[in-house]
Each structure stands twice: as structure tokens, then as C-alpha cells.
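# predicted structure and sequence below. I'll ask about it afterward.
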Amino acid sequence: MQQTSSNINRRRFIKLTGITGAGLIVGLSVSGKNGIAAIANLSNAGELYELTPYVIIEKSGAITIYNDKPEIGQGTFQSIPSLIAEELEVLLSQVTIKQTGGEKKFGSMQFAGGSMSVRSSYTSLRKVGASAKEMLVRAASQQWNVPLEECYAAEAKVFHRPSGKYLGYGDLAEAAAKLEVSKEPKLKDPKDFKLLGKNVQRPDIPLKSSGKAIFGIDVKVPGMVYASVAYCPVFGAKLLSYDAETSQKVKGVIGVERCERIFGKYKYDVVAVIADNYWAAYQGRKVLTIKWDYKGKENFNSKTFEQSLRDLAKKDGVVAHNQGDFDKTFVAAPTKVEAFYETPIVSHSPIEPMNCVASWYDTNKLEIWVSTQVPGDIIDSFAKAYSIPEENIKVNVLFNGGGFGRRLYNDYIHEAVQLTKKIGKPVKLIWTREDDTQQGPFRPMTFSAMKGALSADGKAIAFQHKVIAPSLDASEKENYDVTKPDANMTEGINEQKYEIANMKNLYVYADSHLPFAAWRAVTSTTLAFAHESFIDEMAVKAKKDPMAFRMEMLTKDSDTKNVLQKLREVSGWDKPLPADWGRGVAQYEFFAGLGGYVIEVSKKGTGIKIEKVFAVIDLGTVVNPDTVKAQVEGAATMALTAAIKSGITFDKGQTVQTNFHNNQLVRINEMPVVEVHILANGGPNIKGVGEPGLPPFAPALCNAIFAATGKRIRRLPFDLNKI
Amino acid sequence: MPVYEININNKPYTVDVETNMPLLWVIRDFVGLTGTKFGCGIAQCGACTVHLEGNPIRSCSFPVAAAAGKKITTIEGISQNVDHAIQKAWIELQVPQCGYCQSGQIMSAVALLKSKPSPTDADIDAAMQGNLCRCGTYQRIRSAIHRAAELIK
Ligand code: FES
Ligand code: FES
């Protein structure tokens, strides 16, 4: 199966297929209002480039389906084409899947982020497939002159039921293309699904099991040179001068150029060494001498920064949510609980380092080959940044060797583009692992000041979560308004379903010069730890079972309640555990979806062993259960790393960690088995898959550790071997 | 620059590169086989794992000079039709997510099965610890190695 359209000039391709009457092209038109997609027959449309041909059927019978969601490991290379293939009645093995590259005609949803891919396309892409199928069936019935009801489609053919005769889609495409488009096609009854809701094998997996999958870093284009870039180890410094003489002497080095790393509101001066192979570029870069003005930023360190966050906790902050009267209830309450929670800054660390191939040619044209989560944004923002028309930019999206939020940002692409523009040759730029670890962007830490109050009968009557943290938005834009609520930084805490009459959520902004970025499950990954650990602390204070305490606050029906009930059932919550074992529960609902864990641990000397992990994810509707399970298994692994490994710290203005030896990730011997259960009642409210497995992991683990040892963990990371 | 004769997947190649260039970059940028990946450059992640005379090595930290005249196998060389038992098990259990670490994982797993046809969980821990997976495919890797051991029997 082909994976990208990287060698095909899209426009020419469409035109050619048009001229030779290649057949039926059905897509979503984005020329409608607000970019809202409508079904359109594109086959005879004069202005093809304004439309989005997701399905192309050629006379030869070849079928192409476009995937508009970059494949970053989350399975969109199977799930998204399957939405179309299911209704089109074709097998995935009969289809060539191509990745879109931000072209306008494919609309504004060409990104992988926010656990949005399947839920944003579930109905619209099924309609595209269904529409094309209806036209093909109609074409066959007309050709045979038989009633429409006697015809049906299966495996890229239309059959005549009474006679058994059939025609392939390729033979019908031209006739079908002349028919009126079915604007409201009939969608299949889910009970007839062959792909959706089934454990369908992912077509990218054989490629990824044989070294054949092409990632951004694997791209080679004619005449290409290589670049390695030197960054200032201290954030916020200014480049004074550099000496390239020694670098120039390294065999293979072609030149040394300045460029800028552009990240959000930050612009960093950097120096690139360009060579005829990557190793030479890297050798040349290592011997560069650069003089920097650190501008006092060399005094920055984690200890002082963290203390400043603790001091900021005394501030009132901006109100993010307020119901009832927290202050009055808290003061008057018979039982109060207070606690302070801390989490670390962490790195994204996808195993494929940042890299990009860029080629600037013909004065104002640009082609990019890259592992990215946001091809649509690249077209928009690079057209503006380099003052060239959008249609002069072509982006080839390759398989991403991990995203996790890091590839939502284009800083490394800017570097490659500036360099190719300067030297007039295609440039392949590769960050080292040290660059990736030390230069960020990073997930910000959050600190949380928690307050809760219980009634005399041990019911939660007041709850306050005050977040103290740097801001993602403040990294993005110059004029950040500290007086306004910052939804990213209180993410999810207003959406918790616990019925507590008096609640107040607050945010205190912590100023920082570090580049911060969204990380898989964003701020929920840290806030859930504080929120759900503290709920546990309240349960303990109320002398109630943590599961029962939560259920008491969920009298109304909700997905959260269902998740907890399911967890209770699958984990055998009410059965006794062996001595020295403990179990903990946590759930978290936020923009991406809803998940929960029950984790069982045992005491092993001074340490803890994770014995069992039960996960429940609530989806409404599921496209590929096996992919969902894989995503939760992966989210749990990433959450465990964030809970027990070093995280990122700073000293003398620099990142202390450099590579995987001191910025460790969980390894195979440290990872317990995760048993995943999916709640999918088929409801219309579809939730996300990629992220919800992350936030509740750390609090469930720490609640279990408390149950086993009586030790409450309020700061991440912690050492599992020293509780 | 010195000229080296290297044998990759039973094919001879002649490369003219710096003595200290790691085998990884020779394989990727000079021989043009891109299945072997760069992840860390310091023998910490295993993405660059290849076999030297059948034994797994981290090609990012292995100078080309030391590989000259030896038999190297990369992910492209373990089967013609993606049908090595490890690959079959990888596909059956749908192991890869982003897939970037998987060439290295597979090369470590193939070597493990050669020395231990029925590995225990402890054997798997020992052999696979050097291969990081940020996507978190570890439990499937473990199951797939057990499955491949069954397939070989
Ligand atoms: S790239 Fe060789 S071990 Fe990481
Ligand atoms: S599958 Fe993505 S790093 Fe292992």
C-alpha cells in the first residue's frame, strides 16, 4: 500500500484524471459556509482545487482514499480511511491510502491533536463513502436497466441480486460521475458494519514491522544538503558572535549560516552548520565557537523557580469557576482538609527527533517533507511568514515517529525553511537528542493548592482547586493578559461531575521565560493528579471507602459515574486484597474525553510494585477497539514515566537533562500489564481516544500507594523504590 | 577519507567515509537503507539496533571502521516478505504504534529468539531493556515475542 502522495504534483494529478475521464470523484466541499463540509460531486467541477476529493475511483478500478489526519501512532491511517471504506463497500486492501498535506481543498481539520480525529470525522466521512456508493449502484442499475432495489455493492463491485452479474467500480465510475450526487445518502446500520467497531488490522503495521515505513527523517531529495544547528544552552540569551573557522575545516562542511528558531513569541538566534552529510554537519557544529550574552538568565534554576510558585500560592488568582459560596462554607465547616501538590516540567521525547527537509525554489515556491501533526497550519502560517501564496507551498506529511504534542509546533520547520531559502538548495535538518531534551518546548509544571470541607456526616460540601503555573498561552503570544482566566491552565477541573455545592477554581499565573507547549493530555496530566489525589484525601478524612465517597457525590447519571461503576466491577474493587497490597482509583474528564483507572500495588521492602492496572475509557462509539486499547496502554506508559522519572530541571539557566541516560523513560521491565475496558454504548456523543488514558493514571497509582503504605504522595516525580 | 568494504544483508558495499563515522549514518545516508533509525546517538534507546555477525549492536555508537569486513544485518535483511516469525507476531498482535522504535525492537527480538527459542519474561526483560518505546508498546512486544516463539516451534 502506498503511504503518501509525495511524488505526485497534486494539481496535475487531478487535472489528468479529469481529462482522461478517470471517473468518479466525490468529496467534501469546503467552499460552503465557515468551511463546513457539504457533499459534492467533484468529477465535473471546473474548479477542482476548491474542493476536497477524499475518494478517487479511476477507470482502471484503482481506488484512492485520502487521510487528512497525520498518522502519529494513534492509528488514523486505518481509522480515518475506514470511515469512508465502510460506506463505500470496499476493503482496505483494495484501496491506496494517501496522506493530505494541508491543501485548502481538504478543509480546516488537517491535524492530529486534541483526540479529535475520529470524532470530528465520524459522520461526515461516512457520508462521503455512502454517497459515492449510491452513485455507483445507481449507475449499475441504469446500465443493466434493472430496478435499483435489485442492486447492491460489496468489495468494490455492484451486484445484481437476481442474476448474480456484477460490475467493478472502475467500470462504473465514468457513468456514476455523470449522476447527481446523493447529498443525504443512507448510512449503514451499525449492525452491518464490517470495519467500524471491529479489530481491523492497521495497514501501516506491516510497513512499520519491516523498516519500509517512511518517516520524515528518512526523506532524501536530489541535491539535498544536511544541517545541524547550535542552540544557546541558556534560554533567553543573545548571540554576540561566532567563529566558524574550525567548523569550516571539518571534511564535508559546506557552510555556516545564522538562522532563527521561532517558537511562539520567542525568537532564538542559532547557528547552522551545513554539510554534504549529516555526520559532518554535526561534527562541524560541535566545534563552533559561539559567544552569547546570557542577560542574567544564567542564574535561573528550578529550586528558586519552584519556590516562587509556592510563594505565589498566597495570591488569590483569577476565578475560573465559582458556584455556591466556597469561602463561607469552608470557614464554617466542621472538618477541613488542605494540601499542596507539585508536578514537574517534562519533555515530549518522541523517539524520532525533530527534523525537516525543505526546498525553496523558483524564487517563491516551497516544498516541505516533514513528520508533523499540523499540515494545515504549516500552509497557513508559512505563507504569511514568508510572504508567498498558499498555493506555492506543498507539504508532504510522512509517518510521525511520535507526536505527543511536540509536532504541533513548527520551530524546526522554520529553521529548515530559512536555511534552504538562504543557500538555494534543499536542506535536511536533524535535531540531536540533546537538542530535543534541552531546548524544549516543555510541558509546564502545575502546582495546586487544594482545600476541601466535609459536613458532620462526612459529605463533601466545599472544594477549591487553585492552580499555580506558567501559561501555555503566555509562551504563544506577546500580550498575555494576567487578569483573564486561562482555560488551558485550569483544564478539566471545572468539568468534574462530583456534586459539591460550593466550589471555586482559581488560577495564579507564574511568569517564565521558558518555551512551554501542549503535551499529550495537556494540563489535565498534572491537574488530575492533584484533583483526584485530594478527593482521596477527603475520603480518608471522612473515613469512607474512596470509591463509595466518589459515588456518593454522583447521584445523577453521568458518564463519569458509569466509568467508576465499570472500574469497580472489572477490578473486583469490593473483594479483599492480600496483606501489604493497596488499591487506588481515579478518573478524569476533560476536553479530550474521559477515562479512569484502578491500580493495585504491593509493598516490596522500602519500595512499591505495581501489581495490576485496570483501565476504563468511555467513548460512546468506537472505530477500532484494538487501537483504542493500544492507545490506553501507551498513555499509561507515558503517565508512569511522568510520575516516576526525573522530568526536566534547570540549573545555571540550562536544562540539566541531556539525553535518555539522565532523562529516562520507562523501559519494558518497569511496565506492568494494563487491562483496558472500553465503554461504548453507541451514543452520538463520541469522545477522544489518544489522551484520556493519561491524566487519571498518576492519582490512581498514588492513591493505591496510600492504601498500601499510609504514605500520601503530593509531589511528582517520586521514586517507586523509596516510598 | 578511507574506503571501507562492508557487507550489509549479504550485499557488498564500498563506502568512502570518515573513520569515526558511526555505522548508523553509513547505513542510512551512504548505503541508503533507512529502516535503521536514529534516536539518541549514545546507545540509550536501541532505535539503531542492527546485527553484527548475528549479535545485536547499537549502530549509532559503532564506528564504521570496526564493521569493515563483517556481516551486518539490518531490518531490511531479516526476511523477504515480512514473514519472519517475529514480524508475523508483530502484525498479528498489532505491536507498533508510531513504529519508529520498532526496527530496533524487532532486531533485538530476532536476536533473542535465536539464542533463546523459548524466552521467559525475565529473558525478555534482559534482552529488550535497551530498546525504548515512547508510545508504550511494551506489553504487546512481550506477548508478540512469546507468540513468535510458538510460531517457530
Ligand atoms: S540511536 Fe543508537 S541507541 Fe539510540
Ligand atoms: S512505537 Fe512509537 S516509539 Fe515505539
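Yep, that arrived. Ligands and ions are numbered 1, 2, ... in the order given.

# going forward, measure contacts between C-alpha atoms and count neighbours the same way
Noted.

# what are the phi and psi values at the closest residue to B:Asp16 other than its chain neighbours?
Closest residue in space to B:Asp16, ignoring its immediate chain neighbours: B:Val3 at 4.3 Å, by C-alpha to C-alpha, 6 or more residues apart in numbering or on different chains. B:Val3 adopts backbone torsions of phi -100, psi 130, taken as degrees, to the nearest 10.

# how about the contacts made by B:Val3?
Neighbouring residues of B:Val3 by C-alpha atoms under 8 Å, 6 or more residues apart in numbering or on different chains: B:14-17.

# what about the residues you listed, which are in strands?
B:14-16 (DSSP state E).

# what's the burial count for the nearest residue to A:Val221 once chain neighbours are set aside?
Using C-alpha to C-alpha, 6+ apart and skipping the chain neighbours, the partner closest in space to A:Val221 is A:Pro426 (7.4 Å). Neighbours of A:Pro426 under the rule other C-alpha atoms under 10 Å in any protein chain shown: 26.

# same deal with A:Ala139?
A:Ala139: 24 neighbours (other C-alpha under 10 Å).

# same thing with the one 3 residues further on?
When counting by other C-alpha under 10 Å, one arrives at 13 neighbours for A:Gln142.

# any idea which helix or strand carries the most centrally placed residue in chain B?
Against the mean C-alpha coordinate of chain B, by C-alpha atoms, centre = their mean, the closest residue is B:Met107 at 3.1 Å. Using DSSP states H and E, B:Met107 sits within helix B:102-115.

# can you tell me if that helix touches chain A.
Yes: Helix B:102-115 reaches chain A (C-alpha under 8 Å from any C-alpha of the partner chain) through B:102-103, B:106.

# got a winner among those residues for most neighbours?
B:Gln102 (32 neighbours).

# ok, that residue to B:Lys37 distance?
Here B:Gln102 is placed at a distance of 9 Å from B:Lys37 (C-alpha to C-alpha, to the nearest Å).

# can you check which residues contact both of the two?
Contacts common to B:Gln102 and B:Lys37, judged by C-alpha under 8 Å, 6+ apart, are B:Ala47.

# and the contacts of the host helix or strand of A:Val229?
Using DSSP H and E, A:Val229 falls within strand A:225-230. Applying C-alpha under 8 Å, 6+ apart, the contact partners of strand A:225-230 are A:270-278, A:281-282, A:285-286, A:425-431.

# could you point out the helix or strand that follows that strand?
strand A:238-243.

# so where's the chain uncertain?
The chain I'm using is chain A. A:1-53 (pLDDT under 70).

# meant chain B, my bad for not saying
Ranges of chain B meeting pLDDT under 70: B:1.

# would you list every one of the helices in it?
Listed in chain order, the helices of chain B (DSSP state H) span B:23-25, B:64-67, B:85-92, B:102-115, B:121-128, B:138-152.

# name the residues of chain A found near ligand 2, please.
A:351, A:401-402 (C-alpha under 6 Å from any ligand atom).

# what about 8 Å?
A:73, A:350-352, A:401-402 (C-alpha under 8 Å from any ligand atom).

# only alpha carbons, please: show stretch A:194-210 as CSV.
C-alpha atoms of stretch A:194-210 as CSV (Å, rounded to 0.1, in the frame of the first residue of the first chain):
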residue,chain,number,x,y,z
LYS,A,194,-17.6,-4.8,8.5
LEU,A,195,-14.8,-2.4,9.5
LEU,A,196,-16.1,0.1,12.0
GLY,A,197,-16.2,-1.2,15.6
LYS,A,198,-14.0,-4.2,14.6
ASN,A,199,-10.5,-5.1,15.4
VAL,A,200,-9.3,-4.4,11.8
GLN,A,201,-5.5,-4.8,11.2
ARG,A,202,-3.8,-1.5,10.6
PRO,A,203,-2.3,-1.2,7.1
ASP,A,204,0.7,0.7,8.4
ILE,A,205,1.8,-2.1,10.7
PRO,A,206,3.5,-4.4,8.1
LEU,A,207,5.4,-1.3,6.9
LYS,A,208,6.4,-0.5,10.4
SER,A,209,7.5,-4.1,11.1
SER,A,210,9.8,-4.2,8.1
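
# who's in contact with it?
A:1, A:75, A:77-78, A:82-83, A:86, A:92, A:190, A:213, A:621-627, B:35, B:75-76, B:82, B:87, B:90-91, B:94-97, B:99-100, B:102-103, B:106.

# among those, name the buried ones.
Buried by 16 or more other C-alpha atoms under 10 Å in any protein chain shown: A:75, A:77-78, A:82-83, A:86, A:92, A:213, A:621-627, B:35, B:75-76, B:82, B:87, B:90-91, B:94-97, B:99-100, B:102-103, B:106, out of the contacts of stretch A:194-210.

# before we move on, the earlier item: quick one, what contacts the residue nearest to the centre of chain B?
B:49-51, B:56, B:74-75.

# also A:Trp360?
Per C-alpha under 8 Å, 6+ apart, neighbours of A:Trp360: A:366-367, A:417, A:420-421, A:424-426.

# quick one on the thing from earlier: overlap between the residues of helix B:102-115 next to chain A and the residues near ligand 2?
Answer for the residues of helix B:102-115 next to chain A near ligand 2 (C-alpha under 8 Å from any ligand atom): B:Gln102.

# reformat the residues of helix B:102-115 next to chain A as TSV; add distance to B:Ala122.
As requested, these are arranged in TSV below (distance: C-alpha to C-alpha, whole Å):
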residue	distance to B:Ala122
B:Gln102	20
B:Ser103	22
B:Ile106	18
